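# Here's my sequence, what's the structure:
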Amino acid sequence: MKLHSSKRWYIHLLYYQLLKFFRFFTNKFFARENHKFLFILTPPYCGSTLLNQIISTSNNVSCNNQLGVREGQLLPELKDVMFYNKGWYNDVSYDWKEIKKVWMRYWDQRKPILMEQSDANIMRVSEIKKVFNNNFFLVMVRNPYAHIEGLMRRNGISIESATEFALRCLKYQKHNIENETNVLLLTYEELCDNKYESISKIQSFIPEIGSLVVNREFSAHNFKTKGKMKIHNLNSEKINRLESHQISIINTYFIREKSLLDYFGYSIIKG
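Residues are numbered from 1 along each chain as shown. The predicted structure follows:
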């Protein structure tokens, strides 16, 4: 069932309309100036929703979409343009000025930090920078074996396609780290296994973010539960779902890209 034809979508649509109505007045009369724009740059199924929820515990941050996977590209005015319209193709050109206008209507502009997280943004940073100023980019990656398992299970794609996509995402992230300013790199593993150190890094990166809460249950988008769970590293369980012949296929690609895996501190697993 497509998002825009489901009963839940119509409930969401009502929420979005009410939110914009409220934001119209608060932003008109109480909006701050000189916001910092925080872009979470994370591929799909790599912990972006969890990271978004953690940062959203700050009283100084406004997320432009707090439903579902919390992506700005899924807002009603943008989902057909950004999400369904070849979101991962390089030959698509977006009207970023219009996109910014939409996001500004959903952000609580009373907050000093306005946050956006849409997974395909990892390949569109140069375009984003033409429209947004005072940008900060929080780059996150995940063990590529765990990433590939999620891509296959959730999207029903072949192991070859999943592996190529995972490597493509790592290349985008490497480019973002090496070519952009105001960038902080976190890994999914670091966030889960060393959550307090990770929070400290984020707070040092953007001091205005203030206090963040990590000792609570967050909405989970994984194979274990559809409910909530505390921060937990699921990599081992995901990687163990891969069969030995699948790991062997993955490794034929990873051996050729060993330097890329080394860049992010990931090792090739023996099949």
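# Now do the helices in the stretch 101-250 of the chain.
125-129, 144-155, 159-179, 188-193, 195-205, 235-239, 244-254 (DSSP state H, counting those that start in this stretch).
# Which strands and helices lie in contact with the worst-scoring helix or strand of the chain on mean pLDDT?
Lowest on mean pLDDT, DSSP states H and E among the helices and strands of the chain sits strand 218-219, with a mean of 83. In this structure, strand 218-219 makes packing contacts with helix 48-55, strand 228-229, judged by 3 or more CB pairs under 8 Å, 6 or more residues apart in numbering; DSSP states H and E. From N, CA and C alone the C-beta is placed, and that goes for glycine too.
# Can you lay out the ones you listed as a markdown table showing mean neighbour count?
Formatted as a markdown table, the helices and strands packed on strand 218-219 follow (neighbours: other CB atoms under 10 Å):
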| stretch | mean neighbour count |
| --- | --- |
| helix 48-55 | 22 |
| strand 228-229 | 12 |
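# if we can go back for a sec, could you identify which of the helices of the stretch 101-250 of the chain is most buried?
Mean neighbour count (mean count of other CB atoms under 10 Å) peaks for helix 144-155 among the helices of the stretch 101-250 of the chain, with a mean of 22.
# Now do the contacts for Ile177.
Taking CB atoms under 8 Å, 6 or more residues apart in numbering, we find Ile177 in contact with Val139, Val183, Leu185.
# and the gap between the first one and Tyr94?
Using CB to CB, to the nearest Å, one obtains 21 Å as the distance from Val139 to Tyr94.
# Look at the two and report which has more neighbours.
Of the pair Val139 and Tyr94, Val139 is the one with more neighbours under other CB atoms under 10 Å, namely 21 against 18.
# I figured the more buried one hits Leu41, correct?
Yes. Contact criterion CB atoms under 8 Å: Val139 and Leu41 qualify, at 4.8 Å.
# any common contacting residues for the two?
Counting by CB under 8 Å, 6+ apart, the shared contacts of Val139 and Leu41 are Ile122, Gln173, Asn176.
# Relative to Glu217, how far out is the first one?
Ile122 is 27 Å from Glu217, where distance means CB to CB.
# So between the two, which is more surrounded?
Under the criterion of other CB under 10 Å, the comparison of Ile122 against Glu217 puts Ile122 first, with 28 against 12.
# got the contact list for Leu51?
So Leu51 contacts Ile40, Thr42, Gln117, Leu138, Met140, Leu186, Leu191 (CB under 8 Å, 6+ apart).
# For those, give me CSV that also has distance to Arg256.
What follows is the contacts of Leu51, written out as CSV (distance: CB to CB, whole Å):
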residue, distance to Arg256
Ile40, 29
Thr42, 24
Gln117, 31
Leu138, 29
Met140, 24
Leu186, 26
Leu191, 28
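# Mind checking which of the residues you listed are in strands?
Among those, the ones falling in strands (DSSP state E) are Ile40, Leu138, Met140, Leu186.
# Taking these, tell me the two that lie furthest apart.
For these, with distances taken as CB to CB, the pair at the greatest spread is Ile40 and Leu186 (9.7 Å).
# more crowded one of the two?
Ile40 (26 against 21).
# With Val214 as the reference, measure out to the more buried one.
16 Å.
# can you count the residues close to Phe37?
Neighbours of Phe37 under the rule other CB under 10 Å: 21.
# Please work out the angle formed by the directions of whatever helix or strand it lives in and helix 195-205.
Using DSSP states H and E, Phe37 sits in strand 36-41. Strand 36-41 and helix 195-205 meet at an angle of 140 degrees, taking axes from the mean of the first three to the mean of the last three CA atoms, to 10 degrees as the criterion.
# tell me which strands and helices strand 36-41 is in contact with?
Here strand 36-41 touches helix 48-55, strand 113-116, helix 125-129, strand 135-141, going by 3+ CB pairs under 8 Å, 6+ apart.
# mean confidence score for stretch 93-108?
Mean pLDDT, stretch 93-108: 96.
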